[in-house]
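**Student:** Provide a 3D model corresponding to the input given below.
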Amino acid sequence: MSTGYQRCALIALALALHLAPALRDGWHSGGAPRVEFAVRDAVPRRSAVEPAICREEFVVSQATTAFSHVSSICELGDGRLAAVWCGGSREGAGDVAVWFATRGSLDNDKWSSPRPIVTRDNAAQETFRLVRKLGNPLLIAEKDGRLTLVYVSVAVGGWSCSSLNIKQSLDGGHTWSPSQRLGLSPFFNVSELVKNNAQPLTDGGWAVPIYHEVLGKFPELLWLHPGSVRVEAVKSRAFGGRSAFQPSLVALAPQRALLLCRAAGSVPEIYITRTTDAGRHWTAPRPSGLPNPNSGLDALRLSDGRLLLAFNDTTTSRENLRLAVSNDEGVNWRRVRTLAEEPGAEFSYPFLLQTSDGRVHVTFTWKRRNIRHVTFNLAWLDSEADAKP
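**Tutor:** Numbering: from 1, shown residues only. Sure thing, here's the model as predicted:
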């Protein structure tokens, strides 16, 4: 065989080894589909005076792990809450698992005893891949009662070499399907992470904000369609570069949405980018005027149409966690509440949810030792503001 043929054969073999795992994971090319965001009409606030309500608790009453981080929360079909987070001896350790707990909808109910639903060993067995560590879980409640869990796994290297995986439950989290590794790229299929909430689409799918960390840090969208057998998913990029990543997606209308992104470059501010065609194109990212110490944030559109943001209100640390609201779709923000503040401590990675009863729920990492859960109504949010203007 000539040298030219040998070189071609080696290239073909390398491509085959490259592509085979991705094809097995279900990879196929694609971008932002022609769909719309499912956005409910804003409901004006009632004029009747409502008492302010705010409740705080730990998701785990007696910590079962030394380390807890990166929580997600959703509302089940019966009104209960479900939460997931990472817990183990320390971040990146081999004993870190994805933990799951539920809580009743009544004020006097407590969180259930947590139990692990993904471990490093069972993730490796179910995906037929080496798994060295687990991270960032996201829990999505489907309209048909199904729960979809998206979580991060790493085979080699750090978080920048991560992959995304899916598990589903048809019984409120009691049992789970085997993990399915998402095929999002034919080239090693790595460097995809998730943190913030998904936005429902009019075709029954979800737009999940994800992000990339290899040779740049930038936000992407995962267009997810859970099925009875396999989950179909493609990704699209919002913008490239190294300035911002880890986006929070807020849909404003069927075609309009914004991404609020964690700072990654030299400007320690939250970045904002917008779309007017349901995610197919995005504006260039611009600083928002709100600080960000290279830390996670989250935002949502409230039932009355305002935007709510949870963020670390500093450029240098994670020792406070504040809430801000916007009445003009994210152009201007007003700080309204402080959820936690302590010099030298860490309160980070907030996750926001507004349930069907109108109450807002925030879960966040509390000193890396537990997950804090704060529940409040809009009356509390609008009462005496306690944060700086």
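
**Student:** CA only for contacts and neighbour counts going forward, please
**Tutor:** OK.

**Student:** For the most centrally placed residue in the chain, what is the enclosing helix or strand?
**Tutor:** Per CA atoms, centre = their mean, the C-alpha nearest to the average position across the chain is that of residue 196, at 2.0 Å. Residue 196 is part of no helix or strand, with elements assigned from DSSP states H and E.

**Student:** out of everything not next to it in sequence, what's closest to it?
**Tutor:** Distances taken as CA to CA, 6 or more residues apart in numbering place residue 248 nearest to residue 196, at 5.6 Å, with adjacent residues excluded.

**Student:** do you know how far the residue nearest to the centre of the chain is from residue 270?
**Tutor:** 15 Å (CA to CA, to the nearest Å).

**Student:** coming back round to it: surely the residue nearest to the centre of the chain and residue 245 touch.
**Tutor:** No: in this structure, residue 196 is not within contact of residue 245 by CA atoms under 8 Å, at 11.5 Å.

**Student:** what about residue 146, neighbour count?
**Tutor:** When counting by other CA atoms under 10 Å, one arrives at 18 neighbours for residue 146.

**Student:** OK, contacts around it?
**Tutor:** 168, 169, 170, 171, 172 (CA atoms under 8 Å, 6 or more residues apart in numbering).

**Student:** just residue 63 next, same as before
**Tutor:** Residues in contact with residue 63 (CA under 8 Å, 6+ apart) are 369, 370.

**Student:** Could you report the pLDDT at it?
**Tutor:** pLDDT for residue 63: 83.

**Student:** got the phi/psi numbers for it?
**Tutor:** With angles defined as degrees, to the nearest 10, residue 63 sits at phi -50, psi 130.

**Student:** Can you classify residue 379 as helix, strand or coil?
**Tutor:** Assigned by DSSP: H, G, I helix; E, B strand; the rest coil, the conformation of residue 379 is helix.

**Student:** before we move on, which element is the closest residue to it other than its chain neighbours in?
**Tutor:** Excluding the flanking residues, the one nearest residue 379 by CA to CA, 6+ apart is residue 52, at 4.8 Å. Assigned by DSSP H and E, residue 52 falls within no helix or strand.

**Student:** same question, the one 5 residues further on
**Tutor:** For residue 57, the host element (DSSP H and E) is strand 54-58.

**Student:** mind listing which of the contacts of residue 146 are in helices?
**Tutor:** Using DSSP state H, the subset of these located in helices is empty.

**Student:** Show me which of those residues are buried.
**Tutor:** 168, 169, 170, 172 (16 or more other CA atoms under 10 Å).

**Student:** which non-adjacent residue is nearest the third one?
**Tutor:** Once flanking residues are discounted, residue 170 sits nearest to residue 146: 4.7 Å by CA to CA, 6+ apart.

**Student:** ok, now how distant is the one you found from residue 36?
**Tutor:** In terms of CA to CA, residue 146 sits 22 Å off from residue 36.

**Student:** For the stretch 1-150 of the chain, just list every one of the helices.
**Tutor:** In the stretch 1-150 of the chain, the helices defined using DSSP state H, counting those that start in this stretch lie at 3-24, 120-127.

**Student:** least reliable of those going by mean pLDDT?
**Tutor:** Looking at the helices of the stretch 1-150 of the chain, the bottom one is helix 3-24 with a mean of 45.

**Student:** Next, count neighbours for the residue lying closest to residue 220 once chain neighbours are set aside.
**Tutor:** Leaving aside its sequence neighbours, residue 220 sits nearest to residue 237 (CA to CA, 6+ apart; 4.2 Å). Using other CA under 10 Å, residue 237 has 20 neighbouring residues.

**Student:** Identify the bridge partners of the residue nearest to residue 196.
**Tutor:** residue 260 (DSSP bridges).

**Student:** Going forward, count from 43.
**Tutor:** Happy to do that; since the first residue is 43 now, the last one works out to residue 290.

**Student:** is it true that residue 328 touches residue 314?
**Tutor:** Yes: with contact defined as CA under 8 Å, residue 328 reaches residue 314; the gap is 5.4 Å.

**Student:** Comparing the two, which shows the higher neighbour count?
**Tutor:** More neighbours surround residue 314 than the other of residue 328 and residue 314, with 22 against 16 (other CA under 10 Å).

**Student:** Distance of the more buried one relative to residue 156?
**Tutor:** Residue 314 sits 36 Å away from residue 156, taking CA to CA as the criterion.

**Student:** ok, now residue 329?
**Tutor:** 39 Å.

**Student:** again with residue 421
**Tutor:** 31 Å.

**Student:** One more: residue 120?
**Tutor:** Relative to residue 156, and taking CA to CA, residue 120 is found at 19 Å.

**Student:** In terms of packing, which of those two has more residues around it?
**Tutor:** residue 156 (19 against 10).

**Student:** Identify the bridge partners of the closest residue to that one other than its chain neighbours.
**Tutor:** Excluding the flanking residues, the one nearest residue 156 by CA to CA, 6+ apart is residue 143, at 4.7 Å. Applying DSSP bridges to residue 143 gives these bridge partners: residue 125.
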